[in-house]
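> Sharing a sequence plus its predicted fold:
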Amino acid sequence: MSLWVDQYRPRSLDELHYHKELTERLRSLAASGDFPHMLFYGPSGAGKKTRIGCTLKQLFGPGVEKLKIDQRVFLSPSKRKLEINVVQSNYHIEITPSEAGNYDRVVIQEILKEIAQTQQVDLSAKQRFKVVVLNEADSLTRDAQAALRRTMEKYMSNMRIILCANSTSRLIAPIKSRCLLMRVAAPNETEMHEVLKYVAKSVRIDLPPEAAHKIVEDSNGNMRKAILVLEALKMQSPDLTGPLSIAKPDWETYCHKVADLIVQEQSPARVMEVRAKFYELLSHCIPPTVILKTVAERITERVDESLKAEVMHWAAFYEVRMRMGNKKIFHLEAWVVKVMSLYKQFFYEMDISSFD
Amino acid sequence: MNSSTQQRKRKASKPPTVKFGTAPPGDYPAKRFDPFTAFADVKAPGPSTAPASTSTSRNASKPKSRAKGPAPKARPKGKGKEHHRLWVDIYEPTTEAELAVHVKKVEDIRRWLLEAFEGGPSKKLVKYRRVLALTGPAGAGKTATLKILAKDLDFEILEWRSSMAENYSSSSAFGGADIMEGGSWGEDMPAYESMFTKFRIFLQRAISCQNVFGPASSIPRSSESSKAKPSRHIILLEDLPNVLHAQTQAQFHEVLQSLVASPPSSPPVPVILIVSDAGLRGEAGDEGMMMGGGQKWGRSRGGRASNSADGKTGGWGGESDGVVDIRTVLPKAMLTGPFVTQISFNPVAPTLMQRALQSILTRHVKASGTALTISQTRDLVSAVVDSSSGDIRSAVMSLQFACAKRPTDGPTKGKKAKSADKDAAMTLLGVMAKREQSLALFHLLGKVLYNKRKGDPPSISLTARDKQKEQELDASLPNQPPLPFYFKDHERRPSRVNVDTLYADSPIDSSLFSLYVHQNYPQFCNELEEIESVGEWLSWVDSSGGEAWYQSTPHQFYVLTLGTLHSLPSPVERRSQNIGKPEWFDKWKKEKDAWDGVRDVQNWLQLGWDKASSSRIRQDQDDVAGVELSRHWNRTEIALELGGILKAYDNNAAFSQTDSVSFRPPPHSHKLFSRMAFVRDQKGHGAAGGTRNHTNEEDLAVEPLEGDEEAYDVAAAGAFDHAKVEAQSGGWLLNDEIEEF
């Protein structure tokens, strides 16, 4: 047994619940005998990886589900050891290069070369090529992407690459142009209801419509989140009736409180306090961009209409800085101070004008 | 016999260099021995501070002597000789009063030594007073203090010297004619031993064996007292094995650890390590900023606030540029353990140094008969003190040099000539005594964060001389033409900070510097606008340049410093700001731990929860077929989305109980990332307070043995501990002189 999300995940193209046209297209692609490099993109929880898994099964048969986990060690140029988990079957290999941080290029090069240089030995295999699945492709560094671009052409004869990303905006154009782009949109509400019903039926629980509605509303198009919430709720109150309160994750409430801190007071001391909170969030593995986004959204709910655009503008501005720089906290803090100063100025001006 | 041995002998007996002792030739006692060969390959400890009756001969037979090493105690006899010797040796302090070290420091060491020999009031401390580490910058008087205490408390110093020349001399040395007969154990020695083996043997013997050549046995001493009291000795490790070599370091640590683990011998032989802090000048690249920042700082000069990111000094010792400091010499576990005491010396304080130099000069004038008036010497001495930056050895050297250049013919040439003379000496000093030194880190930060500008009111604590200096500096700063009205916001008085020298003398690289500035700047700001501006500069500097470290701009330091200076208020309001070390490293470490938690959960998800299936997976690792696994979970997804359900599992005790046979609960480490409680601490208001507490904790950690020994006297020990911590942290601030700059 495992999490419901994993347990009731569709295993083949036939089992997929929504995006029927996409499914059909994947089916015909897999049947065509040739297969392009592919890039699956879409919001998280839309079902990208599920579809990748199903496509692989369609391509190679049930053999792809026999997996091994390896821990591979790579050496960075400065001889630091990087450990990467590699999941592989006889037909494909799945890696998350971004686990190696800035040294993802090394990982990409090593793995791809290794795969590309070995021919498929299994004569009964349906396809001549092996597939490399690269997760979190949008967090690959430029270096790694450049390395990928060359390899994609060079080893086309016995390897296909499937990239999985949230958005294509951070991928360089040459990679996008070498792939067949597959957009996996988030499911709409009826589709989500359908999936929830399916899961509930599978685990043999009764899912009241109000609960389902609440879950769907809360999960905001994220199917994975919806099923996780369903399972958590089930554990809290087994019959899923009565007033259900879907608890937000700790970090989200935390971010909201930080936003409140910023709006309440604008002073050097408060800056230090907010900094401590940011450090806390960062040390709980919350990605800085997520922090920035969550806090900024919360702030825009709290401030005057005329300030909202400014707040978001600077959030965008410092997010770019954050990507370029190393020390995320600097940029988070710079943004907070900017917002505080804007907010303060706004009130100052309001005071002045009210005197006139 | 062997020519090299003979040569060495000759060299040793007739000191050819100015550094050597003034042993009158031919005055050797019959029982002469060579410290090398007497201990076979083990480089013998030079019993350097033995009682006066034997000191001359032994000192003379020592193969080499360093300027700071145990210099002969004998006073120079003639005026002629003096010119050939360094003042450092001639005027080496011989009594505690002459020592230019703070009385409290000397007292600390004395107490430690007494406790090591006698065990303190409860007689129990012997067990814990095993290793004393003396740290501090070069020329702070570490060795000198020990020598004087040796004389004072009457113990011998057995010193280890690493020497390259002795590697192969085992067999040949034993052929030497003038060797002790009784070297029976030496014959079984292999022909070659590694340096480290020798070191180990040296330590073993030094601890377990009484020195047969010690004063008690070799020389029939008249006094009964020395016989009555067993001769005490300590082991001095100043010339360490090459601890930057990872393997040697590991061995060295191992030896020390086993030494500490074994019960103290009787009489106890404490080990004293002297480690000089090497100054690091940071213009280094920013590679490995994530890791390296902490490490580099850990070893940089005056690295007091030991870094918690600095968990694995050993691994880095081999990789980075390698500076020997206390953290490479002693493993972290030992450093914080009960057996090691660390006493760190500060650079010699100007007043102490002034006094010491003055007395040397007076003695010199008396001895040599040079006519130097008191006022002349005072100027000279203060100039030397100014340029020495707390290094008394170099100060004495420059003093000697300055005096040597002085024309010795007729001193009476009129007032004018005299002052010209003085000026010459001063310029000379300026040329030669400008030691390339790195600024202490906190000094650097103080300079930037206090943002002193021309015309600032002098601070209350300044002496008249410093005030005058400030005024001179102000006079030398040109006034800038006023800015046009549309730039009026940027109008600032000229800064007293010279960014060029700051950059050249910075002990840390710009990336680490930015972290320090970031940690501390909000305290120095009054208005939000100032914070905004500094924050903007920090952000800009961090994000300028490319993605990789080698693309970062070389101007970071300048931009950051100038930007910070421009943004800070002027003058900065004094409200006892605490400069602290960045929290960043602690948080970063915490984040790493949390990621480990995420990884645990990732594995847990991937392997399924069945105990059976997960064990099957482990077995089938090598199986070609493999098993069905859950799909790969993204780590960010785990961190962001799994919090709720993990919490639900934790709360649902019933669930985990019923299925406990087959159910593998989520790893506990998930709490590292999934649990966040929002608490507002009113007391700390952020970082400075936290960091300060942290430092205190570390100070405590140096002295945990009191806690261990609480059995004997809780109250006394506690009081002592507190006094110690306070003394240390108090001294800490004073000596970094943050307020001064």
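Everything's here; your move.

> max-length helix in chain A?
Counting residues, the longest helix found in chain A (DSSP state H) is helix A:328-355.

> Within range of chain B, give me the residues from the stretch 151-300 of chain A.
A:222, A:224-225, A:228-229, A:231-232, A:235-236, A:247, A:249-251, A:253-254, A:257, A:266-269, A:271-273, A:275-277, A:279-287, A:290 (Cβ under 8 Å from any Cβ of the partner chain). From N, CA and C alone the C-beta is placed, and that goes for glycine too.

> Weed out the non-buried ones from those residues.
A:222, A:224-225, A:228-229, A:231-232, A:235-236, A:247, A:249-251, A:254, A:266-268, A:271-273, A:275-277, A:279-287, A:290 (16 or more other Cβ atoms under 10 Å in any protein chain shown).

> thinking again about what came up before, I'd like to know which elements the longest helix of chain A is packed against.
Under the contact criterion of 3 or more Cβ pairs under 8 Å, 6 or more residues apart in numbering or on different chains; DSSP states H and E, helix A:328-355 touches helix A:250-264, helix A:268-282, helix A:288-302, helix A:305-324, helix B:510-524, helix B:528-543.

> Now do the same contact list for residue 105.
Using chain A. By Cβ atoms under 8 Å, 6 or more residues apart in numbering or on different chains, residue A:105 lies in contact with A:141, A:143-144, A:147.

> should've been chain B
B:145, B:343, B:345.

> Thought residue B:106 was touching the second one, still the case?
Yep, that's residue B:343 we're talking about. No. Residue B:343 is not in contact with residue B:106 according to Cβ atoms under 8 Å; the separation is 10.0 Å.

> and the gap between residue A:45 and chain B?
Residue A:45 is 8 Å from chain B, where distance means Cβ to the nearest Cβ, to the nearest Å.

> residues near that residue, how many?
22 (other Cβ atoms under 10 Å in any protein chain shown).

> contacting residues around it?
Per Cβ under 8 Å, 6+ apart, neighbours of residue A:45: A:186, A:219, A:221-226.

> helix/strand/coil for it?
Under DSSP: H, G, I helix; E, B strand; the rest coil, residue A:45 falls in the coil class.

> Which residue comes closest to it once chain neighbours are left out?
residue A:222 (3.1 Å; Cβ to Cβ, 6 or more residues apart in numbering or on different chains).

> residues in contact with that neighbour?
A:43-46, A:186, B:641.

> now do residue A:320
residue B:543.

> Please work out how many residues are found near the nearest residue to residue A:290 once chain neighbours are set aside.
In space, residue A:290 comes closest to residue B:640 once its chain neighbours are excluded; the distance is 6.6 Å by Cβ to Cβ, 6+ apart. By other Cβ under 10 Å, the residues close to residue B:640 number 19.

> and if you look at residue A:89?
For residue A:89, the neighbour count with other Cβ under 10 Å is 21.

> before we move on, what about residue B:253?
Applying other Cβ under 10 Å, we find 19 residues neighbouring residue B:253.

> pLDDT at residue B:127, what is it?
On pLDDT, residue B:127 comes in at 77.

> Check the gap between it and residue B:270 for me.
11 Å (Cβ to Cβ, to the nearest Å).

> Equivalent analysis for residue B:157, please.
11 Å.

> Next: residue B:501.
43 Å.

> could you say which helix or strand contains residue A:191?
Per DSSP states H and E, residue A:191 falls inside helix A:189-202.

> In the next helix or strand along the chain from that helix, which of the residues would be classed as buried?
Following helix A:189-202 in sequence order, the next helix or strand is helix A:209-219 (DSSP H and E). Residues of helix A:209-219 classed as buried under the neighbour-count rule (16+ other Cβ under 10 Å) are A:211-212, A:214-216, A:219.

> next one: phi and psi at the residue nearest to residue A:45?
With angles defined as degrees, to the nearest 10, residue A:222 sits at phi -100, psi 100.

> So stretch B:233-251, near chain A or not?
No. Between stretch B:233-251 and chain A, judged by Cβ under 8 Å from any Cβ, nothing touches; the nearest distance is 12.8 Å.

> quick one: terminal-to-terminal distance for that stretch?
Stretch B:233-251 has an end-to-end distance of 24 Å (criterion: Cα to Cα, to the nearest Å).

> For the residue nearest to residue A:290, list the residues it contacts.
A:249, A:251, A:286-287, A:290.

> mind checking pLDDT for residue B:592?
Residue B:592 is given a pLDDT of 86.

> how many other residues sit next to it?
With other Cβ under 10 Å as criterion, residue B:592 counts 15.

> what about it, which SS state?
Here residue B:592 is recorded as helix under three-state DSSP.

> for residue A:266, same thing?
coil.

> and it, what does it touch?
A:340-341, A:343-344, B:528.

> Not counting residues beside it along the chain, what's closest to it?
residue A:340 (3.9 Å).

> wait, that neighbour sits on residue A:271?
Yes. Taking contacts as Cβ under 8 Å, residue A:340 lies within contact range of residue A:271: 7.2 Å.

> Can you work out which residues contact both of these two?
With Cβ under 8 Å, 6+ apart, residue A:340 and residue A:271 have common neighbours residue B:528.

> Kindly indicate which of the contacts of residue B:640 lies nearest chain B.
Nearest to chain B among the contacts of residue B:640 is residue A:249, at 4.1 Å by Cβ to the nearest Cβ.
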